[in-house]
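*Asks:* Fold the following for me, if possible:
(chains A and B)
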Amino acid sequence: MAASGVEKPRIVITGLGGICALGTDVSAIWEAMRAGRSAIGPITTTPLHELKVACGAEIARMPDHGIEHKRLMAMDRFSLLAVIAAREAAAQAGLSLDADASARAGAVIGSGVCGWEMIEDNYRGILLEGRPRANIFSVPRGMTGAPSGQVSMDLGLRGPVFSVTSACASGNHAIASAADQIALGRADVMLAGGTEAPLIWGILKGWEAMRVLAKDTCRPFSADREGLVIGEGAGVVVLERLEHALARGATILAEYAGCGLSADATDIVAPTVEGPAAAMAGCLADARLAPEDIDYINAHGTGTRMNDEIETRAIRLVFGDAADKLSVSSTKSMHGHCLGATAALEMIACVKAVTDGIVPPTANHRVPDPACDLDVTPNVARVREVRAAISNAFAFGGTNATVAVKAYRSQ
Amino acid sequence: MSDELAATIIGKIKTHAAPEAGEITLDTRLDELGIHSLELTEIVFELEDEFGIEIETNAIDAWSSLSNVGDLVEAVRGLVGTRA
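*Replies:* As a prediction, this is how the structure comes out:
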C-alpha cells in the first residue's frame, strides 16, 4: 500500500458472474446495460400483501441451476443467487482446484440484510397460522455468512471464507477484503462479491416506512427523481494474484487497482460530502491513479434527492477539473438498488466498461439537474476508451467503499 | 397399528423427499431420500406433534444411528410405546 510503502502484489480479475433482473448471466446483464434497458417493473414473484410499494427489479425466472433438492432446502434465496453467480465466475476463470489449490482459494460474499425468506415464513406461520415451531433450516438459511459458506461448498474453496456486511456498500467491502487476503498472502484466488434477495414483504415494509422508494422507476441524477427502487441479485468476481493467473494461462479481464474505505461518522442515514470524497480520494491513492486516469465512475447514484446531489459534490471535490472529462452513470436505473449485492453487480459494469470500451448509461433520465451537473451518460451508452474505472458504494451507517479497476497491461 | 404408523411416516417423508426420489419403502435408505439430515429431524418433529411424543436430544445428532425408513418407524414406535 502506498501509505505504508509496502509493495503489494498485483491482483487481476479473471472471471465474472452475475444474476439480477437484467439477466441470469453476465452476457445478458451486460447486453441490457449497454442497451440502457431498465428491468424495473411491477413485483410479481412475491406476495406484497397490503404494501404500497409495488415496483422493484426482480429476477422473474430463475435459470435451471440443477442444484439438488437436499442442498436447495438449506439455502435461502440470497445463497442460491450467490452460488449461481459464483459458478459462472469460476467457470469463466477456468478454475480447477485440486486439494492443494483449494486450500489457497476462498470467498468473501457480502450481504447487507440476511436471508429473509425463511424468517418471513416463520413469522407468518407461527404468528398467523399457529405453526408450533420455526423451520429447522431457519438458522443456517438466514445467517449472513451462509452465502459464503454455500459458495465454498459448491466450488470446494478451503481457504479464507467469510462474509462482510456494510448495508449498501457490502459488495465493495467484500471485494476489498478479498483482495486483502491475496495481498496478505493468505490466498492465491478469491471469489468476491455480494448477494441480496430483499423483495420480501418484511423488508419492503421497512423501506416503505423510510419514504425513500420511487413509485414508478429509478431516475438517478434526473431532476424529477423520486427515490430508489429495490432489486435482487448477486455479483461475483474472481480475484487472483497476477503470477498465479499467468502461471495457469488464465485470460485476464482487468486489473484490480485498489480501494478506498471511509466512514462519515455522523449519522446513520444522512450522508456527508466528506465521507464519500475520502473514499474516492483514498481509492485513487491506493491504486496510484491520478484523477485524470479515471474515465468512468459507476456512481452510487441511488436516485434519491440527497444521494445524487451529494455524490456529485463529492466527485467534484476529489476530481476537480478532471470531473468534467469523465463519464458517470448509475446502473441502478436498470438493475435497481440490490443493497448488499449492488456494488458487486456494478463491478461487472466497470470491468465490462474497461474491456469493451463502452460506458453503460443512466436509464430513465428525463430532466437535467443543475445540482447533478456531471456527464451522467443519460439513456444512451457511450463508446470511449476506459483506461480505469471506479465504483462507488456509500451505505447507511455512513460506511463508504470505492473500488478501482483498470485495463490490464503486462508491464 | 404397525402398518398405519409406517404409512403415516412414509407419507410424511414423501412430502419432504426430492421430487426425483422413487418409491419409498421400509427398506429405503435415509441417505437415498435426497433429504438433508436437518430436514429429516424436522420430519421427526412433525411426528412428535402427531403422536404426542418428545425426543430429548440434540437435533443434529438425534437420528445419526438410523439407516433406513424402517429404523425410523421402529424408533418412533418405541417412543409411542413408552408414552402409552
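*Asks:* tell me which parts of chain B are close to chain A?
*Replies:* Neighbours of chain A within chain B, by C-beta under 8 Å from any C-beta of the partner chain: B:17-20, B:34-36, B:38-39, B:41-42, B:45, B:49, B:59. (Glycine included, C-beta is placed from N, CA and C.)
*Asks:* rerun that using 10 Å as the cut-off
*Replies:* B:16-21, B:31, B:33-46, B:48-49, B:59-60 (C-beta under 10 Å from any C-beta of the partner chain).
*Asks:* from these, which ones fall inside helices?
*Replies:* Counting by DSSP state H, these place B:16, B:37-46, B:48-49 in helices.
*Asks:* wait, isn't A:D295 in contact with A:V386?
*Replies:* Yes - contact criterion C-beta atoms under 10 Å: A:D295 and A:V386 qualify, at 4.5 Å.
*Asks:* so where is the chain shaky, pLDDT-wise?
*Replies:* Picking chain A for this. Counting by pLDDT under 70, chain A shows low-confidence ranges at A:1-6.
*Asks:* Can you look at chain B instead?
*Replies:* B:1-2, B:55-64, B:82-84.
*Asks:* what's whatever residue of it ends up closest to chain A in contact with, if anything?
*Replies:* With C-beta to the nearest C-beta, the shortest gap between chain B and chain A falls at B:A18, namely 3.5 Å. Contact analysis of B:A18 by C-beta atoms under 10 Å, 6 or more residues apart in numbering or on different chains lists A:E68, A:H69, A:K70, A:L72, A:M73, B:E32, B:L33, B:G34, B:I35.
*Asks:* Mind telling me what element the third one is part of?
*Replies:* Think A:K70. Using DSSP states H and E, A:K70 sits in helix A:69-72.
*Asks:* Can you report how many residues lie near the nearest residue in space to A:G202 that is not next to it in sequence?
*Replies:* With sequence-adjacent residues excluded and distances taken as C-beta to C-beta, 6 or more residues apart in numbering or on different chains, A:G202 is closest to A:E120, at 5.1 Å. A:E120 has 17 neighbours, counted by other C-beta atoms under 10 Å in any protein chain shown.
*Asks:* and what of B:E54?
*Replies:* Neighbours of B:E54 under the rule other C-beta under 10 Å: 11.
*Asks:* SS state for it?
*Replies:* coil (DSSP: H, G, I helix; E, B strand; the rest coil).
*Asks:* returning to that earlier point: mind checking which of A:D295 and A:V386 has more residues around it?
*Replies:* Using other C-beta under 10 Å as the criterion, A:D295 and A:V386 rank with A:V386 on top: 26 against 22.
*Asks:* Now do that one against chain B, distance only.
*Replies:* Distance, A:V386 to chain B, by C-beta to the nearest C-beta, to the nearest Å: 45 Å.
*Asks:* Could you do A:L128 as well?
*Replies:* Going from A:L128 to chain B by C-beta to the nearest C-beta gives 18 Å.
*Asks:* In contact with that residue: list those residues for me.
*Replies:* Contact partners of A:L128, counting by C-beta under 10 Å, 6+ apart, are absent.
*Asks:* Report the buried residues of stretch A:148-162.
*Replies:* Buried residues in stretch A:148-162, counting neighbours by 16 or more other C-beta atoms under 10 Å in any protein chain shown, are found at A:148-152, A:154-155, A:157-162.
*Asks:* In helices, which of those fall?
*Replies:* Residues of those located in helices (DSSP H): A:S148, A:G149, A:Q150, A:V151, A:S152, A:D154, A:L155.
*Asks:* Nearest to A:R77 among those residues?
*Replies:* The shortest approach to A:R77 among those belongs to A:Q150, at 11.5 Å (C-beta to C-beta).
*Asks:* Quick one: neighbours of the residue nearest to that closest one when sequence neighbours are not counted, just the number.
*Replies:* Take A:Q150 and drop its neighbours on the chain: the residue closest to it by C-beta to C-beta, 6+ apart is A:S79, 4.4 Å away. If you count neighbours by other C-beta under 10 Å, A:S79 ends up with 31.
*Asks:* tally of neighbours for whichever residue of chain A sits closest to chain B?
*Replies:* Chain B sits closest to A:H69 of chain A, with a gap of 3.5 Å, by C-beta to the nearest C-beta. Using other C-beta under 10 Å, A:H69 has 17 neighbouring residues.
*Asks:* on that earlier part again, and the contacts of B:A18, which two are furthest apart?
*Replies:* Farthest-apart pair in the contacts of B:A18 is A:L72 and B:E32; separation 17.1 Å (C-beta to C-beta).
*Asks:* what about the residue positioned nearest the centre of chain B, which helix or strand?
*Replies:* Geometric centre of chain B, nearest residue: B:L72, 4.5 Å, by C-alpha atoms, centre = their mean. In this structure, B:L72 sits in helix B:69-83 according to DSSP H and E.
*Asks:* For that helix, buried residues please.
*Replies:* For helix B:69-83, burial by neighbour count (16+ other C-beta under 10 Å) applies to B:V69, B:L72, B:V73, B:E74, B:A75, B:V76, B:R77, B:L79, B:V80.
*Asks:* Kindly report the same for stretch A:87-107.
*Replies:* Within stretch A:87-107, judged by 16+ other C-beta under 10 Å, the buried ones are A:87-90, A:92-93, A:95, A:97, A:101-102, A:104-107.
*Asks:* okay, that stretch in PDB with CA atoms only?
*Replies:* Extracted in PDB, the C-alpha atoms of stretch A:87-107 (Å, rounded to 0.1, in the frame of the first residue of the first chain):
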ATOM      1  CA  ARG A  87     -20.300 -20.800 -10.500                       C
ATOM      2  CA  GLU A  88     -20.400 -18.500 -13.600                       C
ATOM      3  CA  ALA A  89     -17.400 -16.600 -12.400                       C
ATOM      4  CA  ALA A  90     -15.400 -19.700 -11.600                       C
ATOM      5  CA  ALA A  91     -16.300 -21.300 -14.900                       C
ATOM      6  CA  GLN A  92     -15.100 -18.200 -16.800                       C
ATOM      7  CA  ALA A  93     -11.900 -18.100 -14.900                       C
ATOM      8  CA  GLY A  94     -11.400 -21.800 -15.700                       C
ATOM      9  CA  LEU A  95     -10.600 -22.600 -12.100                       C
ATOM     10  CA  SER A  96      -9.900 -26.300 -11.400                       C
ATOM     11  CA  LEU A  97      -8.900 -26.700  -7.800                       C
ATOM     12  CA  ASP A  98      -7.100 -29.800  -6.600                       C
ATOM     13  CA  ALA A  99      -6.500 -30.400  -2.900                       C
ATOM     14  CA  ASP A 100      -3.500 -28.100  -2.700                       C
ATOM     15  CA  ALA A 101      -5.000 -25.300  -4.800                       C
ATOM     16  CA  SER A 102      -8.400 -25.400  -2.900                       C
ATOM     17  CA  ALA A 103      -6.600 -24.500   0.300                       C
ATOM     18  CA  ARG A 104      -5.300 -21.300  -1.300                       C
ATOM     19  CA  ALA A 105      -8.700 -20.300  -2.700                       C
ATOM     20  CA  GLY A 106     -11.500 -18.600  -0.700                       C
ATOM     21  CA  ALA A 107     -14.600 -16.500  -0.900                       C
END
